[in-house]
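**Q** dropping a prediction and its sequence here:
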Protein chains: 2
Amino acid sequence: MTEPGNHLPLSPSNIAKAHTLIKPYIHHTPLLTNTTLNTIASTPQATSDLEGTSWEGQSPANPKIRFYFKCENLQKIGAFKARGAFHALLRLIEEKGEEEVRKRGVVTHSSGNHAQALALAGKTLNVPAYIVMPSISTPSKIASTQSLGAKVVFSGSTEPEREAVKKEVQKETGAIFIPPYDHPDIMLGQGTVGLELEGQYEALKGKDEGKSLDAVFTPIGGGGLNGGVATWFSVPSKEGRQKTLVFGAEPSFEGGNDCQRGLAAGKRVEFVSTKTIADGLRTPVGLHNWAVISDPSKVAGVYSVSDDQIKKAMRLVLERMKVVVEPSAVVGLAVCLFDEDFRRKVEEEGGQDGWDIGIVFSGGNTTVEAISALFTSK
Amino acid sequence: MTEPGNHLPLSPSNIAKAHTLIKPYIHHTPLLTNTTLNTIASTPQATSDLEGTSWEGQSPANPKIRFYFKCENLQKIGAFKARGAFHALLRLIEEKGEEEVRKRGVVTHSSGNHAQALALAGKTLNVPAYIVMPSISTPSKIASTQSLGAKVVFSGSTEPEREAVKKEVQKETGAIFIPPYDHPDIMLGQGTVGLELEGQYEALKGKDEGKSLDAVFTPIGGGGLNGGVATWFSVPSKEGRQKTLVFGAEPSFEGGNDCQRGLAAGKRVEFVSTKTIADGLRTPVGLHNWAVISDPSKVAGVYSVSDDQIKKAMRLVLERMKVVVEPSAVVGLAVCLFDEDFRRKVEEEGGQDGWDIGIVFSGGNTTVEAISALFTSK
């Protein structure tokens, strides 16, 4: 990771450079297809499913959709976050030299996937990693971060409390802060998901077909993944080809759709407080991330879905695809299955051919207990 | 499927022929590896884990194990059964001609994966499929069999009641019976799992390494999968290579380990009544299957595991591999993780190099409700 002002511009070529840097350390995750999910998405919803929604009384859209699932749930530490963490740390070493970075170490605050991602990157590259976690975090998350060799430092659970503990660690050790999403190096790292997705899609389709993906969906929490992927697809893959549209998806529960609301208001929403089941997406979009996502030439739109729709999509992925995903991972799929505005758009713009849609499954870190709690309560 | 006496001998070359026949209709399922599971399997169990077992007081074995998971949970209809059903039906058409088979149709009794497998094969090949199911079957299983175009005929849940309904269907329609496991054509179809597994392992290792898989585990219910896979591996893949040992695994709960018990007594166990969570393995081994499995030159041993050990293995696969499997699918993995006799064998025979072990994940047909019930009750 580089100091502010020193970082590489957000561009496809810098994502390609990031990919070269991190490639030895990450999994080239598979791109899966699934006929059953294509069929479900390409079947109009029942009229009764639209009752009580803003689409009530409309005749359901009839789009033709083929999915390409980029399985970052099978990434190291079970989420795309490994990409950004490795990239930020490798860039930091490039800039400051191994010796200084190993002496000082790195610090972050996270109780989620970023904690484990930075712990793994630190362990792999021999850099001490300090992770500030609320002392009320799930014991299993604390244990797995520690088992990756990171030093877990406990704090209270409010933002100022975490910040104070982080500052204290930095004062003692000189550790350099690696934020979870709000930094260009993080976005460039996450953008490598887009690079791989496009290459795998083209390999699957056969090089000569000359077709691009019509659209790609990623979840939006802090916006690192969406901003990175949108940067990759900001220009067509080859001259003369159609540009791939990048969309974002959020949970709507208790205002978790801060990005969608911010776009409507023309102003980034800075605070969010939601208990949506999509727990990776409870954060507001970061500043650097907002700059990309609010640029309509980069992100074509942001949609949101209810927790109930997230559960329905998650059930389909577990039972039909036989793949374990966390709730945050399926918000994009849920939009494609349940949002009539989006489905109408695909029907109208895709016509007879329909759309090829890339869906980034962002992570798979859940437990059998969490799955049980999701599907037995209600 | 062929009439008794008319079928091809159980041999690797006839499995290769079966593969050519069914290849256009089935998925070439992936072979996955997983570092975390290798590490767990290659770490000695805690002494406390052996308390209350026959290994109490022994020092835990320290084998070195690398797994290769053949993911038949990603097969069409979510289980390997698609292979045997397609093969039996295609052989029947070869023998009797399309016209006769399409006129008469086929019949079976099953409330599990074989029902859906035969329904799919019938639908694909335009042959009417009649499935006799107990009227108390789960509505979702009935619905999914019907949605594959099969005619579901209800019966009582005892063997004579099912048999009576099956006979009635046959009298009315002339439908030809396709048994779930006890037939050479079914075994030859399931044996194609072994053929693919070996090819994928060699591709992964690099052709020149000249190493075979040390062992392969499959679950044993009726014995079609194990008998087929053991037939494939009954001779070394290439001259001069070491032979791959084939093992079977069963649930021990309420005597579900009928095959293991039969081998100990030197006589096939004909009746089993168990409510093990490995519901695909509640049946006794069939006659044709027993002939293969009881031949020590083909099957090197059969082990059994408790329902608790099955749950532990299933949790690891869901949470660490992010792959959905049904309880029956993980009995082989559970043996490798928990059975000290087997683990000692690998330590002694594999030594420093350890063993490369193929594990057949036989199926993934479960629901979020079933997962919840498994892991919240206790």
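**A** Perfect, thanks for sending it.
**Q** which residues touch the closest residue to chain B within the stretch 101-250 of chain A?
**A** Residue nearest to chain B within the stretch 101-250 of chain A: A:Ser140 (9.6 Å; CB to the nearest CB). Placement of C-beta: from N, CA and C, glycine included. Applying CB atoms under 8 Å, 6 or more residues apart in numbering or on different chains, one finds that A:Ser140 lies in contact with A:Thr367.
**Q** what do you get for A:Ser362?
**A** A:Glu72, A:Asn73, A:Ala79, A:Phe80, A:Thr218, A:Pro219, A:Leu225, A:Gly280, A:Glu326, A:Ser328, A:Ala329 are the contacts of A:Ser362 under CB under 8 Å, 6+ apart.
**Q** strands - which of those residues land there?
**A** In this view, those that belong to strands under DSSP state E are A:Thr218, A:Pro219.
**Q** restrict the contacts of A:Ser362 to contacts with chain B.
**A** Restricting the contacts of A:Ser362 to those touching chain B (CB under 8 Å from any CB of the partner chain) yields A:Asn73.
**Q** would you turn the contacts of A:Ser362 into CSV with neighbour count and pLDDT?
**A** Below are those laid out as CSV (neighbours: other CB atoms under 10 Å in any protein chain shown; pLDDT from 0 to 100):
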residue, neighbour count, pLDDT
A:Glu72, 30, 98
A:Asn73, 25, 96
A:Ala79, 26, 97
A:Phe80, 31, 98
A:Thr218, 33, 98
A:Pro219, 28, 98
A:Leu225, 32, 98
A:Gly280, 24, 93
A:Glu326, 27, 97
A:Ser328, 29, 97
A:Ala329, 33, 98
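**Q** just give me the closest of the contacts of A:Ser362 to chain B.
**A** For the contacts of A:Ser362, the minimum distance to chain B (CB to the nearest CB) is 5.0 Å, reached by A:Asn73.
**Q** what is the least confident helix or strand in chain A?
**A** helix A:139-147 (a mean of 88; mean pLDDT, DSSP states H and E).
**Q** counting by contacts, list what the next helix or strand after that helix packs against.
**A** Using DSSP states H and E, the helix or strand that follows helix A:139-147 towards the C-terminus is strand A:151-155. If you count contacts as 3 or more CB pairs under 8 Å, 6 or more residues apart in numbering or on different chains; DSSP states H and E, strand A:151-155 packs onto strand A:129-134, helix A:139-147, helix A:159-173.
**Q** who touches A:Thr367 in this structure?
**A** Residues in contact with A:Thr367 (CB under 8 Å, 6+ apart) are A:Ser140, B:Glu319.
**Q** flag every buried residue along the host helix or strand of A:Ala334.
**A** In the assignment (DSSP H and E), A:Ala334 maps to helix A:331-338. Applying a neighbour-count criterion of 16 or more other CB atoms under 10 Å in any protein chain shown, one finds A:Val331, A:Gly332, A:Leu333, A:Ala334, A:Val335, A:Cys336, A:Leu337, A:Phe338 buried in helix A:331-338.
**Q** kindly reformat the residues you listed as a markdown table containing distance to chain B and pLDDT.
**A** Shown next, in a markdown table, are the buried residues of helix A:331-338 (distance: CB to the nearest CB, whole Å; pLDDT from 0 to 100):
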| residue | distance to chain B | pLDDT |
| --- | --- | --- |
| A:Val331 | 18 | 98 |
| A:Gly332 | 18 | 98 |
| A:Leu333 | 16 | 98 |
| A:Ala334 | 16 | 98 |
| A:Val335 | 21 | 98 |
| A:Cys336 | 20 | 98 |
| A:Leu337 | 17 | 98 |
| A:Phe338 | 18 | 98 |
